[in-house]
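Trainee: Test case, fold it:
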Amino acid sequence: MMPNGCHTHLPPDEVYIMHRKYRVLILFFLSIFFLFSEAGANPPLRSESPLFEAGSVCIKLTPSAANRLQTKMDILAGQKYQVVRFGIASLDDKAQRLSVLSISPRFLYHLQPERISGADLPDISRIYRLRFSPEIDPFQAAHFFSRDPHVEYAEPIPIGYPLLIPNDSLYVEQQHLPQIMAEQAWDIHRGEEGEEPVIVAIVDSGVEWTHPDLADNIWRNEQEIPDNGVDDDNNGYIDDVRGWDFLEDDNDPDDPDGHGTFTSGIASACTDNGIGVAAVGWNLKIMPVRGFMYQGIVYAAENGAHIVSNSWGTATYSQAGQDAIDYATGLGSIVIASAGNGDTDALHYPSAHAHVLSVASVDENDFRAPYTHYGISIDLCAPGGDGSQGPGPGILSTAVNSSYTRADGTSAAAPLAAGLCGLIKSYRPEWNQERVIAQLQATCDNIDSLNPDYVGMLGSGRINAYRALSETFDIALFPLRVRLADVEIHDDNQNGLIEPGETADLSITLQNFSSPSGDHESDQVTAFLSSEDENVEIITGESQFILASDDFTRIENEFRISVHPQATARQVQMRLDLQADLPILHGESLSFTLFIGTGRFHPITESPVAEADKTSYGNNWIDYDNDGLVDLFNSNGSSSTEETSDLYRNNGDGTFIEITDNIAVSETGLSYCSSWADYDNDGFIDLFISNTSHQDNYLYRNLGGGDFLKIEEGEIVQDGAKSDGCSWADYDNDGYVDLFVANLSNQHNFLYHNNQNGEFHRMTDTILFPQVGDGGKSNGCAWADFNNDGYVDLFVANASDQDNRLYLNQMGERFISLDTSEYDNDGDLDLFVTNGADQNNMLYINQGDSLFFRPEDATSYPMITDQGASGGAAWGDYNNDGSLDLYVANRNNQNNFLYRNNGDGSFLKITDEIIVNTTDFSVSCSWADYDRDGNLDLFVANGGQNALYRNQGTGNHWVNIRCVGVTSNRSAIGTKARIKAEIYGESVWQMREISAQTGYAGQNSLLIHFGLGDASVIDSLRIEWSSGAVDIHTEISRNQFLTAVEGEDQLAVENVATGENLSQLLGNYPNPFGNGQETSVGYQISVPARATMIIYNIAGQAVRKISELDKPAGYHTIQWDGSDQFDRPLGSGIYFYRLSLTADGKKIQQKSGRMVFIK
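Mentor: Residues are numbered from 1 along each chain as shown. Got it, this is the predicted structure:
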């Protein structure tokens, strides 16, 4: 029904680069892995495996700031280049607030004069690693630092995991070598015949450098004297005789995993030595570098590696990574990387970085391997095995313990290409890196005819070693592969939304993945901008420019458009056509969308929330991690495809990060609906997902800290059905939420009673509970106290011409979509029901005594005659005038509906807002104030690309209230809040009831939102808890976030109207703790405040209360050593804390957390 709960938070963000500009599209998401596969599939990461380094981020300082920090580091050089402060006031303040433990260079480098190529190298000396408590989210920390004017960018540091699953049997054949005609190439040249050794660095899990088939080919740093403890060659690394281990920071890059040993053998195992395997590079030198990230690339380049092979990757773009690659290639190294095992055309890094050769995989017959990435970023292919299970054509190579093994993946394809690249360099030592790359690509065999579904998406083809050594050419002409990377809008009022009558300049960034064509860049590119929308005039629509090879090209403010003054809100499709002096393989015609806005809503396009390409049905605004910010959950699945759900964590600054390493989003299903509530009253909101494919439904218990436990036992997760709608409610007011599930396919509906011990009992008595004997065509449900007797009733909507049902005092049913709300401020909940087959929707006005009236006045109630394939609907006061408005989502590419409540019982259909001028397959919708500015924002699940709209507001006043049940259920489901205020000269009562479902498959935030119009104060707030208790508060200020705890006589103020945080609660560290160790709970306050922490055991009993005197503004901690109130040690186990902060006699913040004490 109405929204709920929010708190302030340490400002976080998507952190790869922070620009305060308005953009259209481009975000990349984090998941990093080695690139071997089994059966063509990329095995998923375990949910407990972190995807980025805990307790650290990297930042790049401005030149002046870096100089000041370096001066400080030079003075403290004895501390191994680590300091804890910057010597710059603004940065030191941030470092102190996050308790930064150390600041050190991200890339320890030492540039040898002979390696300088004259290139304009990026200054990687200004990139630093910051370490802090692992309890602090690195995304939040990175965003926190990115706002400082001394920081160019900040980002978390991804890490990698091996996914090698080799085939069961080994074969003596090495099919990949004759496939690329290696034997014929060796008749021309072998690697050991070069004028000087060619070095191939393997940046990987290390190398078993004592392996008999590798030992003679291991690179040796001749300038380093072994084991003397001195950095003889002054390269920054002591005794790095055969490479470096960046994982353990020592000079032994051995391989405990086997992945790097495997890739090394493919690139350059010792050949013609009478044992083991052969390699295309014959006897090139292997430089072992242990560590799967960009520091290894820098080391390899500085120490003379001609080729750097990388068989690892991530879906996340890293600016620090790009800087490292630019630095390495500027030194003359060729960087090669595996394309990825995702069977997708999504960009993958480092292979999609500029100046990196991306290698996809083919099987032994030159068919695209079923697991490999493909698309615009692929430069070439190499054999990598076909991904089949059991004995077969996997790539045979060296393994740890002096053995051999087979495996498949682009991890195998990349070192094969790297070995050939090294063979070319050995044969043609006078060639520079661009000429070697051109030779490698130009001599590939075209395999388009074998892969007709992937023409143009497998790069230049499959490598051919014989052609690479035997053919010559003057200039290789590689077709352009161009994508639209970025569009920036510079409109008249600089709000990023082009409005009627406005003129806007567009800056467009293109990325060209093509390698340089000889010494020739495409300097004759012309771009033409156009649109078929008659409301858009192209003032300047043509630009000529040089398109850089294998790099980004920015066209700065070259295009100008204007919008007709009478244009309505709409999406405008723009087209950019390219003409060039080189053929264009990809990108001859590019398109993007602009939004014309006339009202309050601004479409958010540069966000993972709006970029997910899944079939979304359900959506929920919830605070799953208890940071006070509403997060977003989508339940996904189509009639033909099972998909995983999506969880987006709110970063607190208007941006979101997709959570991928969580069990709640790791399982697939045809998931049409989801509902969140704290079913075990432990303070953490839990998740139920209904699946509509006769599979079991899902229940996930929230353990706190962002972790979930899937419940595997019990009727609630074992009653397989074709379930659609679902919703939590405490129907018997026992303080624990129960669950109703609406089922299709002639199955009875489910009602589960909460036994208060984490288990549920399915009610089957159809006399006491008639709703469980009905059903069969039920789509949705809504719980609400329609007759004001203190018990929630149930409405169930049915499809296929079945009557809908209203169950008083027990439960209910629905059809396709519905919502309940008290829109007319008469104290009773009214009912709106949508119909999905081009029928009129229905509004039922509650007249009291369980009687409803269906109005027929279409002038006052336009929603009753607007036909559409309507799905979800949601009530919300979007203009904060004190009256609830209605939004309706429509399918079948129809415009959605918005009805503004006039405050007199009538509605006006709104047509000039962008939220009703898009044609999508909209299924459900919900309201929440995700950016905490007091205005309700809108999310729409579109069964494809979803939509998020930020409400820019009207200037009217508001209040948000989070209710926390004590005797009532913790989520306060079923609780009613009534406020009285003078709005526009009239004394007005408003009422909201907290519900776990809002219309079909939607859930508004559980935070109660009231619009106040011009009210100067709230005269009265009456909270009617589901337990029967009533709390009354008076004389409440407007424009604030409040927390109401059942039975407490004071409201806690979460923040002030400006949005300035009064406090930040930063969690506890270490966790777990024990053995004489204390845990510290940190908090940051901007006003003097007093902290009180109460610690509870697993049974909910208070075991310790710790109070502190008033503290000044700043960062503080409270310590607990695991003892009770009498300083007696407690037993090992799980404990919960509640930390409350009080300023001027009022609570300003309260937060709970979970910690583990181990004796």
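Trainee: and the closest residue to residue 366 other than its chain neighbours, what does it touch?
Mentor: Excluding the flanking residues, the one nearest residue 366 by Cβ to Cβ, 6 or more residues apart in numbering is residue 447, at 4.7 Å. For glycine as for every other residue, the C-beta is placed from the backbone atoms N, C-alpha and C. Neighbouring residues of residue 447 by Cβ atoms under 8 Å, 6 or more residues apart in numbering: 362, 366, 381, 458, 461-462.
Trainee: What distance do you get for residue 447 to residue 252?
Mentor: 41 Å (Cβ to Cβ, to the nearest Å).
Trainee: quick one on the thing from earlier: what score does the residue nearest to residue 366 have for pLDDT?
Mentor: With respect to pLDDT, residue 447 scores 92.
Trainee: Would you check how far apart it and residue 510 are?
Mentor: 27 Å.
Trainee: for residue 527, same thing?
Mentor: Taken as Cβ to Cβ, the span from residue 527 to residue 510 is 8 Å.
Trainee: Find the residues that touch each one of these two.
Mentor: With Cβ under 8 Å, 6+ apart as the test, residue 527 and residue 510 both reach residue 555.
Trainee: Not counting sequence-adjacent ones, nearest residue to residue 469?
Mentor: residue 188 (4.5 Å).
Trainee: For the one you found, grab the count of nearby residues.
Mentor: 14 (other Cβ atoms under 10 Å).
Trainee: swap in residue 532?
Mentor: Counted with other Cβ under 10 Å, residue 532 comes out at 9.
Trainee: That one against residue 573, yeah?
Mentor: Yes: using Cβ atoms under 8 Å, residue 532 makes contact with residue 573 at a distance of 7.2 Å.
Trainee: Could you tell me the per-residue confidence at residue 1117?
Mentor: 78.
Trainee: And stretch 658-671, what's buried?
Mentor: 658-662, 664-667, 669-671 (16 or more other Cβ atoms under 10 Å).
Trainee: meant to ask about stretch 774-783
Mentor: Buried residues in stretch 774-783 (16+ other Cβ under 10 Å): 774-775, 777-783.
Trainee: From the buried residues of stretch 658-671, pick the one nearest residue 937.
Mentor: Proximity of the buried residues of stretch 658-671 to residue 937 (Cβ to Cβ) peaks at residue 658, which lies at 18.1 Å.
Trainee: name the element that closest one belongs to?
Mentor: Assigned by DSSP states H and E, residue 658 falls within strand 656-659.
Trainee: mean confidence score for stretch 895-906?
Mentor: Rounded mean pLDDT across stretch 895-906 is 91.
Trainee: Quick one: end-to-end length of stretch 1096-1106, please.
Mentor: Stretch 1096-1106 has its terminal residues 12 Å apart, counting by Cα to Cα, to the nearest Å.
Trainee: pLDDT averaged over it, what's the number?
Mentor: 78.
Trainee: same deal with stretch 343-361?
Mentor: 91.
Trainee: May I see the buried residues of that stretch?
Mentor: 343, 346-361.
Trainee: Would you quantify the distance from the residue nearest to residue 1074 when sequence neighbours are not counted to residue 1078?
Mentor: Leaving aside its chain neighbours, residue 1074 sits nearest to residue 1158 (3.8 Å; criterion: Cβ to Cβ, 6+ apart). Separation of residue 1158 from residue 1078 (Cβ to Cβ) stands at 13 Å.
Trainee: Between these two, point out the one with more neighbours.
Mentor: Taking other Cβ under 10 Å, residue 1158 and residue 1078 do not tie; residue 1078 has more neighbours (14 against 11).
Trainee: Check the gap between the more buried one and residue 330 for me.
Mentor: Distance of residue 1078 to residue 330, computed by Cβ to Cβ: 49 Å.
Trainee: Likewise for residue 945?
Mentor: Look at residue 945 and residue 330: by Cβ to Cβ, they are 39 Å apart.
Trainee: Compare the two and say which one has the larger neighbour count.
Mentor: A direct count of neighbours by other Cβ under 10 Å for residue 945 and residue 330 places residue 330 higher, at 18 against 14.
Trainee: From residue 299, how far off is the more buried one?
Mentor: 15 Å.
Trainee: What of residue 259?
Mentor: 18 Å.
Trainee: How about the contacts made by residue 961?
Mentor: Applying Cβ under 8 Å, 6+ apart, the residues contacting residue 961 are 977, 1007-1008, 1010, 1021, 1023, 1041-1044, 1051.
Trainee: Most neighbours among those, which one?
Mentor: Highest count within the contacts of residue 961 by other Cβ under 10 Å belongs to residue 1008, 30 neighbours.
Trainee: so that residue, which of the three states?
Mentor: strand (DSSP: H, G, I helix; E, B strand; the rest coil).
Trainee: Surely it and residue 977 touch.
Mentor: Yes: counting by Cβ under 8 Å, residue 1008 does reach residue 977; the two are 5.0 Å apart.
Trainee: hey, what's in contact with both of those two?
Mentor: If you check residue 1008 and residue 977 against Cβ under 8 Å, 6+ apart, the residues they both contact are 2, 961, 963, 992, 994.
Trainee: following the helix or strand harbouring the second one, which helix or strand shows up next?
Mentor: Assigned by DSSP H and E, residue 961 falls within strand 957-964. Beyond strand 957-964 in the direction of the C-terminus, DSSP H and E gives the next helix or strand as strand 976-983.
Trainee: Alpha carbons of that following strand, in CSV - could you do that?
Mentor: Presented in CSV, the C-alpha positions along strand 976-983 are these (Å, rounded to 0.1, in the frame of the first residue of the first chain):
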residue,chain,number,x,y,z
LYS,A,976,-2.3,2.5,9.9
ALA,A,977,-1.1,6.0,10.2
ARG,A,978,-3.4,9.0,10.2
ILE,A,979,-2.2,12.6,10.1
LYS,A,980,-4.0,15.9,10.5
ALA,A,981,-2.7,19.1,9.0
GLU,A,982,-4.0,22.4,7.6
ILE,A,983,-3.5,22.2,3.8
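Trainee: which secondary structure elements does that strand contact?
Mentor: For strand 976-983, the packing partners by 3 or more Cβ pairs under 8 Å, 6 or more residues apart in numbering; DSSP states H and E come out as strand 957-964, strand 986-993, strand 1008-1013, strand 1018-1024.
Trainee: in that strand, what's buried?
Mentor: So for strand 976-983, counting by 16+ other Cβ under 10 Å, buried means 976-983.
Trainee: I'd like the next helix or strand past the longest helix along the chain.
Mentor: Ranked by residue count, the top helix of the chain under DSSP state H comes out as helix 410-427. Following helix 410-427 in sequence order, the next helix or strand is helix 433-442 (DSSP H and E).
Trainee: Perfect, I'm done here.
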